[in-house]
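Visitor: give me coordinates for this.
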Amino acid sequence: MRETFRCMLVLVVVLFFGAAELCSSRNTSFSCIEREREALLKFKLCFHDPSHMLSSWKGNDCCEWRGVGCDKNNKHVVSLQLRGSVSDRLYSYFIDDQQSQLYLIDHVEEVVSSLLKLRYLEHLDLSNNNFNSNLIPPSFGSMKQLRYLNLSYAQFRGRIPGELGNLTRLHVLDLSQNYYERLKVDDDIQWISHLSSLQRLDMSGVNLSHASSNLFQVLGMLSSLSWLSLSDCSLKNSHLPHHNHLLNFTLFGNIQHFDISQNSFHGPIPIFLQNMTSLTFLDMSGVNLSLTSSNLYQVLGMLPSLSQLSLSSCSLRNCHLPSHNHPLNFTLLGNIQHLDLSDNFFQGPIPIFFQNMTSLISFYLSGNQLSGSIPNSMGQLSKLESIDLSFNQLSGSLPNSIGQLSKLESMDICCNQLSGSIPDSIGQLSKLESMDLAVNQLSGNIPDSIGQLSKLKSMDLVSNELNGSIPDSIGQLSKLESINLASNQLSGSIPDNIGQLSKLESMVLYRNQLNGSIPDSFGQLSKLERMDLSNNQLSGSIPDSFEQLSKLERMDLSSNQLSGSITDSIGQLSKLDDINLSDNQWNGSIPDSIWQLSKLERIDLSGNQLNGSIPDSIWQLSKLEMIDLSGNQLNGSIPDSIWQLSKLEIIILSGNQLSGSIPNIIGQLSELKNIHLYGNQLSGCIPDSIWQLSELEFIYLSDNRLSGSIPDSIGQLSELHRISLSGNQLNGSIPDSIRQLSKLEMIDLSSNQLNGSIPDSIGQLSNLEMIDLSSNQLSGSIPDSIGQLSNLENINLSGNQLNGSIPDSIWQLSKLVNISLSGNQLSGSILTSIGQLFELKGIYLSGNQLSGNIPASIEQLPKLEIMDLSGNQFGAGFPA
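Guide: Numbering: from 1, shown residues only. The predicted structure follows:
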């Protein structure tokens, strides 16, 4: 009895604690398997994670971590979805963009080692991350439970390991677009045939040029395959199956999506396509089908389910289009919903049979040579959502029937020769989001009905002949993000209600005849990033409300009639990187706040009436690449701080009243390409350091008070194209080292005090087009080597003390337009070969000691406008 009691007591205790543990387990959070959590933490250590994609990977419950999926029943990790978030994935390969993707910092084998501990993992997406040009480890093939593997856009390179063939449960394999150093396969591709469960295969961008010729036979063994992309794989005709292999391709009947675009196939359309009877999507863009004849529509006619067809850039011509009475024509085309025939060689009018393609949703014919008008029947394509007829030669007016395309969302007819007015019916396109009619010859007013396009996000009417005012109804386009009305003949003022476009990011209205002031309502455009109102007739000042444009990055108000002082509030535009206020009537000093715009890369205030000095605070513009303050009334010295702007490439301060010297510190601007300081009152010597600026392409220091000599070190400027030091007080000789300036196109050293002879080495400047050494004290003879300057168009050596005869070689310079040797001591005669200078417009040889007869061949100069031979000793009169 006592033993029975003890047993019952033990049972009660066990049941009590068991129930307590059960209750406790219900109150604890869902937890993952510890060894899998540790494996994930090891995986995390392999990457630099600047975008904090894995920031939630902490704590005990890894099933709650971002990108981690667990089985609800056994708590094992079954899914890792770690796709990077770079918006433009292809572009990300060509920029240093680590901010939105995982970046491998460990050995890639360590990544796979940690993943192999996730024994139940079925779904793995590592796409759009940066694996730093590593090879795909063969150990990926040990993850035999995987059903989904995506390594696209992940910067892998080299050979795809055949061990991936062990992943026999895979439904999806994506190895596409690893472009940094392309993935490739060897001759042996048999491993692909082992992926017997595969439904989707994307190898776009993989180099398959070395794959064996039985590639398509191997792919044909994948009986479950329904989605296949081999775009841009360097495939050739030798990879296509022969006609007698057709029986091996019956399994292709399940494929619905097939992309073989951007390969090197040529000739007739591959005949095996006719076996793909389930095909709904076919992309052969970039495949040369120029040799295709009647079999194009014969094969396509055997694809009854085809709804998306892309044959862009296929070298197709009119002969490849079906005739109107073609027996396959309407049964084939009636099912097509998406058709891309862009960038081919179609000519003449838009083929009439397109009006029967009533299922069309998108239709692209851009980049052909189509002419004639857009047919009214286009309005019958009632399901059309997107149309692109850009870059053709279409003429006539936009048909009124365009208003019947009630489902149209995108319309691009730019770069044609359309004329006439924009029809009012365009306002009926209630779903239109993007409209591009740029670069045509459209005239008349912008119709008021355009304000009815309530979903419009982008409107581009640039480079037409539109006139009248901007309609007030534009203010109703509440979703508009971009508007471009530039290069038209629009007049009147900018409507005040344009400030209601709260989503506007870009506004471009340059080269019109707009007048009046800039509306104060612009300050309401809180999302505006780009504003270009240049080349109009706007007056008044910049509204104070501009300080509210906190996202503005580029502002161009140049070539208007804006006046007054530049508002200090412009310094509030903290994101501004490009500002152009040139060619207006601004006066007063440049506001100090401008020098606080720390993101500024380009500033142009030229052609105004600004005065005062350039402040030392300019050093704060550490990102500045270009500054143009020319054509003002600025005075004082150039502050030393300007030479500390290490990214500066272009400095233009010409046409002011700046004084003082150019400091030696200028040599620190290693990126400097253009220096324009002409037309000031600068004095002193040209600093030696300026000749060490190896990137320098243009130097303009003319019309100052600079003195000293030109040093031999000028020859170090190997990139120099143009140099002008005229109108100074430079002395000494022209250094022989100028022969090293192999890219020099123009040299102007006129109006100085240079002496000595013209160096014979000048003949080595083979790119020289213009040379002006006039008004110096040069002596000696003109070197014969000058005749080697075969590109020379203008030569001016007047006003020196040159002697001897004019070298015969000078009359062989066939591109010569103007020659001025007047005011020297030249002797000898003019050779008859002057008659070979057919481009010559001006001859100035006055004030020398030339003699002999004036050659009759001078009459053979068809373009000659001015000839001055006075003050010489010619023995005969001018030829008749």
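Visitor: number of residues surrounding Ser310?
Guide: Residues lying near Ser310 (other Cβ atoms under 10 Å) number 20. For every residue, glycine as well, the C-beta is placed using N, CA and C.
Visitor: from Asp343, how far out is it?
Guide: 11 Å (Cβ to Cβ, to the nearest Å).
Visitor: and Leu381, what does it touch?
Guide: Shown in contact with Leu381 (Cβ atoms under 8 Å, 6 or more residues apart in numbering): Phe354, Gln355, Met357, Thr358, Leu360, Phe363, Leu405.
Visitor: what about the first one, how many residues nearby?
Guide: Read it as Phe354. Residues near Phe354, counting by other Cβ under 10 Å: 20.
Visitor: residue contacts, Pro447?
Guide: Here Pro447 is in contact with Ser421, Ile422, Pro423, Asp424, Ile426, Gly427, Pro471 (criterion: Cβ under 8 Å, 6+ apart).
Visitor: same thing with Val462?
Guide: Ala438, Val439, Asn484, Leu485, Ala486, Ser487, Asn488, Val508.
Visitor: let me see the contact set for the fifth one.
Guide: Shown in contact with Ala486 (Cβ under 8 Å, 6+ apart): Val462, Ser463, Val508, Leu509, Tyr510, Arg511, Asn512, Asp532.
Visitor: now swap in the third one and tell me
Guide: Applying Cβ under 8 Å, 6+ apart, one finds that Asn484 lies in contact with Ala438, Met459, Asp460, Leu461, Val462, Ser506, Val508.
Visitor: wait, the third one touches Val439, no?
Guide: Read it as Asp460. No: look at Asp460 against Val439 with Cβ atoms under 8 Å: they stay out of range, at 9.2 Å.
Visitor: among the contacts of Asn484, which ones are in strands?
Guide: When DSSP state E defines the strands, the subset of these inside them is Met459, Asp460, Ser506, Val508.
Visitor: how about the closest residue to Leu45 other than its chain neighbours, secondary structure?
Guide: Nearest-residue entry for Leu45: Asp106, 6.9 Å, with adjacent residues in sequence omitted and distances by Cβ to Cβ, 6 or more residues apart in numbering. Three-state assignment for Asp106 (DSSP: H, G, I helix; E, B strand; the rest coil): coil.
Visitor: can you check my assumption that Ile651 lies in a strand?
Guide: Yes: under three-state DSSP, Ile651 sits within a strand.
Visitor: for it, which residues are in contact?
Guide: Counting by Cβ under 8 Å, 6+ apart, the residues that Ile651 touches are Met626, Ile627, Ile642, Leu672, Asn674, Ile675, His676, Leu677.
Visitor: the chain: helices as residue ranges?
Guide: With helices called from DSSP state H, the chain shows them at 2-27, 34-44, 108-115, 215-219, 295-300, 329-333.
Visitor: hey, what's Arg157 bridged with?
Guide: Leu135 (DSSP bridges).
Visitor: re the thing from before, I'd assumed Lys42 was in contact with the residue nearest to Leu45.
Guide: No: applying Cβ under 8 Å as the test, Asp106 and Lys42 come out as separate, 9.5 Å apart.
Visitor: need the contacts of Leu381 in TSV (columns: pLDDT and distance to Pro519).
Guide: Shown next, in TSV, are these (pLDDT from 0 to 100; distance: Cβ to Cβ, whole Å):
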residue	pLDDT	distance to Pro519
Phe354	82	44
Gln355	79	45
Met357	85	46
Thr358	87	46
Leu360	94	42
Phe363	95	39
Leu405	96	34
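Visitor: in strands, which of those residues fall?
Guide: Phe363.
Visitor: which of the contacts of Leu381 sits closest to Lys647?
Guide: Proximity to Lys647 was ranked across these by Cβ to Cβ; first place goes to Phe363, at 46.8 Å.
Visitor: which intervals of the stretch 151-300 of the chain have sub-threshold pLDDT?
Guide: Along the stretch 151-300 of the chain, segments meeting pLDDT under 70 span 180, 242-251, 292-299.
Visitor: likewise for the chain?
Guide: In the chain, residues with pLDDT under 70: 1-30, 86-100, 180, 242-251, 292-299, 322-333, 876-880.
Visitor: Val508 pairs with what?
Guide: Asn484, Asp532.
Visitor: burial measure for it, as a count.
Guide: Using other Cβ under 10 Å: Val508 sits among 19 other residues.
Visitor: so that it lines up with my notes, have the first residue be 20 from now on.
Guide: Let's use 20 as the start, then, which means that last one is Val527.
Visitor: isn't it right next to Arg549, touching?
Guide: Yes: using Cβ under 8 Å, Val527 is in contact with Arg549, at 7.1 Å.
Visitor: circling back: with distance to Ile589 added, can I get the contacts of Val481 in CSV?
Guide: Below are the contacts of Val481 laid out as CSV (distance: Cβ to Cβ, whole Å):
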residue, distance to Ile589
Ala457, 31
Val458, 33
Asn503, 24
Leu504, 25
Ala505, 23
Ser506, 27
Asn507, 28
Val527, 20
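Visitor: thinking Leu749 is in contact with Ser769, fair?
Guide: No: judged on Cβ under 8 Å, Leu749 makes no contact with Ser769 at a distance of 10.5 Å.
Visitor: show me what contacts Met376?
Guide: Met376 neighbours (Cβ under 8 Å, 6+ apart): Leu352, Gly353, Ile355, Leu358, Phe382, Leu400.
Visitor: again, but for Asn771
Guide: Leu744, Ser745, Gly746, Asn747, Gln748, Leu749, Asn750, Ser794, Asn795.
Visitor: 7 Å instead, please
Guide: Asn747, Gln748, Leu749, Asn795 (Cβ atoms under 7 Å, 6 or more residues apart in numbering).
Visitor: those, buried ones only, as a PyMOL selection?
Guide: In PyMOL, a selection of the buried entries from those looks like this (16 or more other Cβ atoms under 10 Å):
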select buried, resi 747+749+795
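Visitor: let me know the closest of the contacts of Asn771 to Asn627.
Guide: Asn747 (26.5 Å).
Visitor: how much space between the closest one and Phe717?
Guide: The value you get for Asn747 to Phe717, if Cβ to Cβ is used, is 17 Å.
Visitor: also Leu330?
Guide: On the measure of Cβ to Cβ, Leu330 and Phe717 end up 48 Å apart.
Visitor: repeat that for Gln807.
Guide: Distance of Gln807 to Phe717, given as Cβ to Cβ: 24 Å.
Visitor: same deal with Ser745?
Guide: From Ser745 across to Phe717, the span is 14 Å (Cβ to Cβ).
Visitor: between those two, point out the one with more neighbours.
Guide: Shown here are Ser745 and Phe717; by other Cβ under 10 Å, Ser745 has more neighbours (23 against 19).
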